[in-house]
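In: how would this look folded up:
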Amino acid sequence: MKKYIQSARSSKAYTDKSSKADKGLSSTYEGQTFGKYQLKEIQKGQESEVDTSLYTDPEFDSFQMEQIRRGLKFGLDVSQYADTKFNGDQMGQIRSGLEAGVDVSIYADPKFDWIQMEEIREGLESGVDVSLYADPKFNWRQMKQIRFGLESGVDINLYADPKFGSVQMEQIRIGLESGVDVSWYADPKFGSGQMEEIRKGLEKGFNVSLYADPKFNSFLMRDIQDGLEKYANDPLLDQTSVQDIAFAYTKKLPSLAYLSAENKYQRSKLNWQSVKDAAASRKPLDIPELEKEFDLGTLEGRAAYTLGLNFDENEDGSIVFTNNEGHEVGTLSSKEFDMLVRSAIANSSTRQSFAKAFATQLKRFVLER
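Out: Just a heads-up that it's a prediction; the model follows:
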């Protein structure tokens, strides 16, 4: 209890002292309008024995006064920022630069907001050439990515351009730091997500030409990467097949090469030449086996997509094709389907070329008759 009473007395004494000080200041600066917190900053300056006349001005708010007072306390040249054209945050960055011993004249300009000033100050402190980004055309996030690039020693000229957003800049910078050829994606036509997927593909050694195209969104690019990562090293797949995989992943469809790779241990069950012979001799085709090997329904969907068509299957097995406006443009009966398959087989030298022949025959059967 005694300790509590002693603490309460000390608190009351401090409050009385503070109130008297505030009252004294009000009397000393009578005729000038100062707020409570401005008066406290003047009081703190007097207690620290600094020249308060440098900020005893109602035009300075309390935060600006604080920055000037703190600079005076540490013996800084506050004339470089004791100006109402700077807000308190800007003053704080200039003061921090003076404390660090850098040339604050490079950024002590109200055209820079305080976060831009911070990025320039940090660049000066780390010893990089800040003239490459000390320009208000760059926002602070862009400045940060340029600063990071300068600090890591990469060629920032490849992305130090306001046409790139800060996250795009980041992806180019990371690519440069990892040593990949960023020319594949250092173009503002790619969004940051697309840039990231191309960069990751380059880092994994993929042939990014298969998907480095703005028409593929980042999610599709990621799907293509997944397909390439799974099948690109398969000894049974040639480059055409790998491209087919990329196409299939792009359209969210299994491709001929994809399914062939999945069934590579069953491929001996269906000899391509025997299929061609059966088709040419009009013998019945083993459609279930063909479906299993080539997934003809998926190929049909893929071919339709290529031709800009949508399709639906009727109960009788026939296919109805519509255009993007929803208008019916043709149908394909079960018998015609068999004819289409035979024709596509006859015009295919290898199973890899079957998909292309299938699309060609579908176009002839549906759109050109």
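In: Averaged pLDDT, stretch 34-54. What do you get?
Out: Over the span of stretch 34-54, the pLDDT mean works out to 94.
In: So for that stretch, what gets flagged as buried?
Out: Judged by neighbour count (16 or more other Cβ atoms under 10 Å), stretch 34-54 contains these buried residues: 34, 38-46, 50, 52, 54. (C-beta placed from N, C-alpha, C; glycine too.)
In: cool, stretch 145-154 as well?
Out: For stretch 145-154, a neighbour-count test (16+ other Cβ under 10 Å) marks 145-150, 154 as buried.
In: Nearest to N217, out of those: which one, please.
Out: Of all those, Q145 has the smallest distance to N217: 23.1 Å, by Cβ to Cβ.
In: Could you pull up the contacting residues of the closest one?
Out: By Cβ atoms under 8 Å, 6 or more residues apart in numbering, the contact list for Q145 reads 159, 166, 169-170, 173.
In: cool, and D89?
Out: D89 touches 63, 113-114, counting by Cβ under 8 Å, 6+ apart.
In: quick revisit: which two from the buried residues of stretch 145-154 end up farthest apart in space?
Out: Top of the distance list for these (Cβ to Cβ): R147 and V154, 11.7 Å.
In: thinking again about what came up before, neighbour-wise, which one of the contacts of D89 leads?
Out: Among these, W114 has the most neighbours (other Cβ atoms under 10 Å), with 18 neighbours.
In: Could you check the pLDDT of the closest residue to it other than its chain neighbours?
Out: Of all residues not flanking W114 in the chain, D89 sits nearest, at 3.6 Å (Cβ to Cβ, 6 or more residues apart in numbering). Predicted confidence (pLDDT) for D89: 97.
In: try the one 3 residues further on
Out: For G92, the model assigns a pLDDT of 98.
In: ok so, going back, among the buried residues of stretch 34-54, which are in helices?
Out: By the criterion of DSSP state H, membership of those in helices covers 38-46.
In: show me the contacts for V104.
Out: 80-81, 94, 97-98, 121.
In: looking only at pLDDT, what's the mean for stretch 219-238?
Out: In this model, stretch 219-238 has an average pLDDT of 66.
In: ok, now stretch 75-82?
Out: Rounded mean pLDDT across stretch 75-82 is 97.
In: Output the lowest mean pLDDT helix or strand found in the chain.
Out: helix 256-262 (a mean of 38; mean pLDDT, DSSP states H and E).
In: Pairing partners for the helix or strand containing G330, with directions?
Out: Element membership for G330, per DSSP states H and E: strand 328-332. When pairing is defined by DSSP bridges, strand 328-332 lines up against strand 319-322 (antiparallel).
In: Please identify the buried residues of the strand it pairs with?
Out: Neighbour count says strand 319-322 has 319, 321 buried, by 16+ other Cβ under 10 Å.
In: circling back: now that we have the buried residues of stretch 145-154, can you turn them into a markdown table and tack on distance to E203, pLDDT and secondary structure?
Out: Formatted as a markdown table, those follow (distance: Cβ to Cβ, whole Å; pLDDT from 0 to 100; DSSP: H, G, I helix; E, B strand; the rest coil):
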| residue | distance to E203 | pLDDT | secondary structure |
| --- | --- | --- | --- |
| Q145 | 19 | 97 | helix |
| I146 | 22 | 98 | helix |
| R147 | 23 | 98 | helix |
| F148 | 18 | 98 | helix |
| G149 | 18 | 98 | helix |
| L150 | 22 | 98 | helix |
| V154 | 15 | 97 | coil |
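In: Switch the residues you listed over to CSV; also include distance to A108.
Out: Listed next are those as CSV, based on distance: Cβ to Cβ, whole Å:
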residue, distance to A108
Q145, 23
I146, 20
R147, 18
F148, 23
G149, 25
L150, 21
V154, 29
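In: which one of the contacts of D89 sits closest to T331?
Out: Nearest to T331 among the contacts of D89, with distances taken as Cβ to Cβ, is D113, at 64.6 Å.
In: ok, back up a step: CA atoms of the strand holding G330 as PDB?
Out: This file holds the C-alpha atoms of strand 328-332, laid out as PDB (Å, rounded to 0.1, in the frame of the first residue of the first chain):
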ATOM      1  CA  GLU A 328     -25.800 -26.200 -85.700                       C
ATOM      2  CA  VAL A 329     -23.300 -26.600 -88.600                       C
ATOM      3  CA  GLY A 330     -23.300 -30.400 -89.100                       C
ATOM      4  CA  THR A 331     -23.800 -33.900 -87.700                       C
ATOM      5  CA  LEU A 332     -21.700 -37.100 -87.800                       C
END
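In: What mean pLDDT does it get?
Out: pLDDT averaged over strand 328-332 gives 74.
In: Local confidence estimate at the spatially closest residue to P162 that is not a sequence neighbour?
Out: Sequence neighbours aside, K137 is the residue nearest to P162 in space, at 5.0 Å (criterion: Cβ to Cβ, 6+ apart). With respect to pLDDT, K137 scores 97.
In: ok, and what's touching stretch 123-143?
Out: With Cβ under 8 Å, 6+ apart as the test, stretch 123-143 has contacts from 97, 100, 102-103, 106-107, 111-113, 115-116, 118-120, 146-147, 150-151, 156, 160, 162, 164-166, 169.
In: Fine by me, we can end here.
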